[in-house]
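Colleague: Predicted model, plus sequence, below.
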Amino acid sequence: MEITDLISPAAVIPNLRATSKKQALQDLAKKAAEITGLHERAIFDVLLERERLGTTGVGNGIAIPHGKLPAMERLYGLFARLEKPIAFESIDEQPVDLIFLLLAPESAGADHLKALARVSRLLRDKGVCEKLRGTDNADALYALLTESPASRAA
Amino acid sequence: MIESMNTAILIVSGLVALSIFSSLLSFRIGAPLLLVFLCVGLVAGENGLGRIKFDNVHAAYMIGSVALAIILFDSGFHTSLKTFRAALWPATALATGGVVVTTAVVAVPVHFLLDFGWLESALMGAILSSTDAAAVFFLLRVGGIHVRDRVRATLEVESGSNDPMAIFLTLALVGLLVSKGPVSPVAIGMEFVTKFGIGAAAGMFGGGLIVLAVNKMGFERGLQPLAALSLAMALFAATEEMHGSGFLAVYVAGLVAGNARINAPETMRRFQDGLTWLAQIVMFLTLGLLATPAEFPAFAWQSLAVAAVLIFVARPLAAWICLLPYGFSRNETAFVAWVGLRGSVSVLLAILPMLVGLPQGRDYFIVAFLVVLVSLSLQGWTIGAVARFLGQIVPKRIGPVERLELEIPGARHELVSYRIVADSLVARGQRLPRWAEPSLVVRDRKSYSAHAAKGLKPGDTVFLFARPERVPHLDRLFASAAPAAEADSRFFGDFALEPGAHMKDLALLYGLPVEPADHEMTAADWLVRELGHDPGIGDRVPLGEVELIVRGLSWNDHISEIGLAVEPTRIDAPRLPVFQTGTELKAMLKRWMRKRA
């Protein structure tokens, strides 16, 4: 599982403006709806449902919201760099400014976990996060996500 | 007369001071502190630089016994009832059966290498059979590492409670060797029951008495800990007089007193700490002085071989057999096996054969001393590395905290003060829980009420009242942010789960193989059931491709935070090909049967 399998350059938002967790998730759902052709509302509901099980704010300013939808044919990733950090109920209570959204088909099983592990490993790399925070150019962000050594399969 | 008195004072205090100063060295180079104390004794002794001649075995035995009683009272005092309850059965198995297994296995190399008779070899085994409470406590607590709850509790309770068993076994064997007459196993069994029955009963009674005396008599504050201590020592002697185990009695009394609502627990604890240090130093110094290094070479290789058998065969075997019924994982058993440090108790018991005048009495002492030296250096030095290798260390999740605590006489709350650090959660606006209302805020040397302070700013010092058990929760809020290291974040998993999340939702979302019957269970309940023991931070259960991890416990020990690792962390993957668990053994047996069929 490679990051390039999950995300396209069009799915990178270099400067998302959001003031709350809810708004950020809404905006991301909207963008995801454009890319996947699914209902915005359905995506948003799935994400909210996941947050109810526990926050996807994994700490160090990063969130990886995710969920499963029946009508999808493959895994979709979406990356957003926030203009201003927002409260995300993260485990370390730090505000979040980097979000990687991952949507999977209902049937995804092991692939879903592999993709999550991949993204989680990538964003655990402090060097990568620092670089992601340092640029608001969509192409540069895409390159960072897909070309850093940590984004390749271990 | 006066002159010789001054010389004696100079020597004794000088040695104690030297030991204390050498503790700095120990922290610097990471050497086990107790080893350093022992070496100070050796260096000061007749073959060392000090040339002090000390060969009074009676005095040494008495000093050592008193010191041990103090140490055991203290280790009981510092063991929380929760730890004790969690570890009671596995630790009891180790402290009784484990001691017997160790004795039996160690007797073999002693018999063949040192030409001892079988009974004499068993005596040598019994002398070496107990782990050292002081060494284990010190390394687990002060060593700067946080070992996972289950093994830590087991090791602590074991090390405090196996000394009485080793002492009993040693005395019984010495008795056999001295009397030379036939002794029935029934008599020894009866002796065991009375010794430990009386010891435990006296301990509980005495512990209650100590609490009563400290709380009700209205002593001067400074006299309180002394009252407790003198009563404990009296209890020790009285129990021995009644043919009970005095060492067990003081340990139990310590346990009772330490867990009761005793007045001024901090004062008591501080006094105990200091006194226990002194007891350790005096004990190791005395034993070091008693040894004569010139005698060591004659027994060097034999002792090394005995130590090797003890460390690599006897202790692992004992740990494995005793822990088998309690479902310890391979890594847990391996760690318990490695933390079988021998210490002062073994050397102290090795004085007994000399004391009663057994032939070759001195040999026991020399061999025990050398084995303890090997164990303390080898195991003591490597304990941190081994714990890390076996995945038994809980990484730190919070940064440093500037906290002061002040106990309030007669109250269950204590006064806690924190300095607000700029990047802490409270400084960034996180609200305090309702039970932790700040009573006073000190800002620029001026005091404000919490209301007048209007929020907390970096540099402020807040004072608030809280129950001691809730202080760790406050620590998290006041700690400076310490971003988790990569390896550490893997330890706790990728995502957070609510303890109340239902298993069916997790099963659906992550494609996990959850039994339909468990669908309505919460993740926390499921974890507790799967673990089969009190949850400790860092405990984990694999489920399909993921792992559920206990991230945090609330102050009343319920799971408050769960981690989800979306790929196996391999923290609990067995690191050694030995110490199979009961289930693994059953599987192996089945495979073997199938092969034969």
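Modeller: That came through fine.
Colleague: And the residue nearest to the spatial centre of chain B, which helix or strand is it part of?
Modeller: Closest residue to the average C-alpha location of chain B: B:Glu156 at 2.8 Å, with CA atoms, centre = their mean. Taking DSSP states H and E as the definition, B:Glu156 sits inside helix B:149-179.
Colleague: Pull out the buried positions in that helix.
Modeller: Of all the residues in helix B:149-179, those buried under the rule 16 or more other CB atoms under 10 Å in any protein chain shown are B:149-174, B:176-177. Bear in mind the C-beta positions are built from the backbone N, C-alpha and C, glycine included.
Colleague: Next: stretch B:425-440.
Modeller: Those would be B:425-427, B:432, B:436, B:438, for stretch B:425-440 by 16+ other CB under 10 Å.
Colleague: what does chain A have sitting close to chain B?
Modeller: Residues of chain A lying close to chain B by CB under 8 Å from any CB of the partner chain are A:49-50, A:52-60, A:64, A:67-68, A:91-94, A:108-110, A:112-114, A:116-117, A:120, A:124-126.
Colleague: what's the offset of the helix holding B:Glu156 from the middle of its chain?
Modeller: How far helix B:149-179 lies from its chain's middle: 14 Å, per CA atoms, centre = their mean, to the nearest Å.
Colleague: what pLDDT, on average, does that helix get?
Modeller: The average pLDDT for helix B:149-179 rounds to 90.
Colleague: what's the answer for stretch B:350-360, then?
Modeller: Here the average pLDDT along stretch B:350-360 is 91.
Colleague: cool, stretch A:12-19 as well?
Modeller: Here the average pLDDT along stretch A:12-19 is 88.
Colleague: which residue packs closest to B:Glu547, ignoring adjacent ones?
Modeller: Nearest-residue entry for B:Glu547: B:Ala565, 4.2 Å, with adjacent residues in sequence omitted and distances by CB to CB, 6 or more residues apart in numbering or on different chains.
Colleague: And the one you found, its phi and psi?
Modeller: B:Ala565 adopts backbone torsions of phi -100, psi 120, taken as degrees, to the nearest 10.
Colleague: unless I'm mixing things up, it is touching B:Ala496, no?
Modeller: No. B:Ala565 is not in contact with B:Ala496 according to CB atoms under 8 Å; the separation is 11.4 Å.
Colleague: count of neighbours near the residue lying closest to B:Thr154 once chain neighbours are set aside?
Modeller: Leaving aside its sequence neighbours, B:Thr154 sits nearest to B:Ala87 (CB to CB, 6+ apart; 4.4 Å). Look at B:Ala87: counted by other CB atoms under 10 Å in any protein chain shown, it has 26 neighbours.
Colleague: Could you pull up the residues touching B:Ala87?
Modeller: B:150, B:153-154, B:156-158 (CB atoms under 8 Å, 6 or more residues apart in numbering or on different chains).
Colleague: ok, 6 Å please
Modeller: B:153-154, B:157 (CB atoms under 6 Å, 6 or more residues apart in numbering or on different chains).
Colleague: can you give me phi and psi for the residue nearest the centre of chain A?
Modeller: Residue closest to the mean C-alpha point of chain A, counted by CA atoms, centre = their mean, is A:Phe100 at 1.4 Å. Reported as degrees, to the nearest 10, the phi and psi values for A:Phe100 are phi -120, psi 110.
Colleague: What does the pLDDT read for it?
Modeller: 93.
Colleague: mind listing what it touches?
Modeller: Here A:Phe100 is in contact with A:64, A:79, A:119 (CB under 6 Å, 6+ apart).
Colleague: Repeat the analysis, applying 10 Å as the threshold.
Modeller: A:3, A:6-7, A:28, A:56, A:58, A:62-66, A:77-80, A:116, A:119-120, A:122-123, A:132, A:145 (CB atoms under 10 Å, 6 or more residues apart in numbering or on different chains).
Colleague: The residue of the stretch 251-400 of chain B found nearest chain A in helix, strand or coil?
Modeller: Closest residue of the stretch 251-400 of chain B to chain A, CB to the nearest CB: B:Arg397 (8.4 Å). Following DSSP: H, G, I helix; E, B strand; the rest coil, the label given to B:Arg397 is coil.
Colleague: what are the phi and psi angles of it?
Modeller: phi -110, psi -20.
Colleague: pLDDT wise, what is it at?
Modeller: 72.
Colleague: measure it to B:Lys82 for me?
Modeller: When distance is defined by CB to CB, to the nearest Å, B:Arg397 is 21 Å away from B:Lys82.
Colleague: could the contacts of B:Ala87 be laid out in a markdown table, adding distance to B:Gly64?
Modeller: A markdown table is the format used below for those (distance: CB to CB, whole Å):
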| residue | distance to B:Gly64 |
| --- | --- |
| B:Ala153 | 27 |
| B:Thr154 | 26 |
| B:Val157 | 23 |
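Colleague: Tell me which stretches of the chain form strands.
Modeller: Going with chain A. A:12-16, A:57-59, A:62-63, A:66-69, A:76-86, A:96-105 (DSSP state E).
Colleague: Chain B was what I was after
Modeller: Using DSSP E, strands in chain B cover B:403-407, B:414-419, B:438-443, B:446-448, B:461-466, B:495-497, B:540-543, B:546-553, B:559-565.
Colleague: Can you give the strand pairings for the longest one, parallel or anti for each?
Modeller: The pairing partners recorded for strand B:546-553 under DSSP bridges are strand B:540-543 (antiparallel), strand B:559-565 (antiparallel).
Colleague: Render the CA-only coordinates of it in CSV, please.
Modeller: Below are the C-alpha coordinates for strand B:546-553, written out as CSV (Å, rounded to 0.1, in the frame of the first residue of the first chain):
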residue,chain,number,x,y,z
VAL,B,546,-5.2,-4.8,15.3
GLU,B,547,-4.2,-4.4,19.0
LEU,B,548,-6.3,-2.8,21.7
ILE,B,549,-4.1,-1.2,24.3
VAL,B,550,-4.8,0.1,27.8
ARG,B,551,-3.7,3.7,27.6
GLY,B,552,-4.8,5.1,30.8
LEU,B,553,-6.5,4.2,34.1
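Colleague: Residue of the stretch 101-250 of chain B closest to chain A, please.
Modeller: Going by CB to the nearest CB, chain A is nearest to B:His146 of the stretch 101-250 of chain B, at 18.5 Å.
Colleague: What count of nearby residues applies to that residue?
Modeller: Around B:His146 there are 17 residues (other CB under 10 Å).
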